[in-house]
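In: The following block contains a protein sequence and its predicted model.
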Amino acid sequence: MANDPEYDLGNTRNSVHFVCFDCRVCFKQPNSSNWDSTLPERPFPCPECREQMHAMGRHFKAPPRRDKRQWLKVELLYHYGERFVAGNSDLGRSCATLSDTVTYLTGPYRSLSEVRQVLHAIRGRKAIRANSNPTRE
């Protein structure tokens, strides 16, 4: 164990969770540290659709693939810059449901109508993609 590079703190890298919102999949990518500034940002393609995946942070826990509303919630949070980089993030409690998430994102700098408009645009994009590729459900 002492000679195992995985346990050598000098070589340890935090693996960040990356998601594909269209395929509703999540993977940890090795050497994708969110705290080591010496590692370059690089895109990771989705193994299913080959589109670029999105970094969510190392404390992200993906919802079940079949739970479309939770994935919609996660994509809405991503759109507004929320990432799961701290283990003590309050997002799990503040954003338990999609309506809680809309309320959470509404505040002095963005209106309820703006958040709903973005949510509507995300839903519309998903409907277009689902109609163009019916095998992905």
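Out: Yep, that arrived.
In: So which residues of this protein form helices?
Out: Residue ranges of the helices in the chain, as given by DSSP state H, are 68-79, 91-94, 98-105, 112-132.
In: Deepest-packed of those, please.
Out: helix 68-79 (a mean of 19; mean count of other Cβ atoms under 10 Å). C-beta here means a position set from N, CA and C on the backbone, and glycine is covered the same way.
In: average pLDDT for that helix?
Out: When pLDDT is averaged over helix 68-79, the result is 93.
In: mind checking how far that helix is from the chain centre?
Out: Put simply, helix 68-79 sits 8 Å off its chain's centre (Cα atoms, centre = their mean, to the nearest Å).
In: Name the residues that touch that helix?
Out: For helix 68-79, the surrounding residues in contact (Cβ atoms under 8 Å, 6 or more residues apart in numbering) are 19, 21, 24, 54, 56, 62-65, 91, 95, 97-98, 101-102, 105, 115, 118-119, 122-123, 126.
In: Now it - C-alpha only, PDB.
Out: Extracted as PDB, the C-alpha positions of helix 68-79 are listed here (Å, rounded to 0.1, in the frame of the first residue of the first chain):
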ATOM      1  CA  LYS A  68     -36.000  13.200 -16.100                       C
ATOM      2  CA  ARG A  69     -37.200  15.900 -13.700                       C
ATOM      3  CA  GLN A  70     -34.100  15.500 -11.500                       C
ATOM      4  CA  TRP A  71     -31.900  15.700 -14.600                       C
ATOM      5  CA  LEU A  72     -33.700  18.800 -15.700                       C
ATOM      6  CA  LYS A  73     -33.100  20.300 -12.300                       C
ATOM      7  CA  VAL A  74     -29.400  19.500 -12.500                       C
ATOM      8  CA  GLU A  75     -29.100  21.000 -16.000                       C
ATOM      9  CA  LEU A  76     -30.900  24.200 -14.800                       C
ATOM     10  CA  LEU A  77     -28.500  24.500 -11.800                       C
ATOM     11  CA  TYR A  78     -25.500  24.000 -14.300                       C
ATOM     12  CA  HIS A  79     -26.900  26.700 -16.600                       C
END
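In: and that helix with helix 112-132, angle?
Out: 120 degrees (axes from the mean of the first three to the mean of the last three Cα atoms, to 10 degrees).
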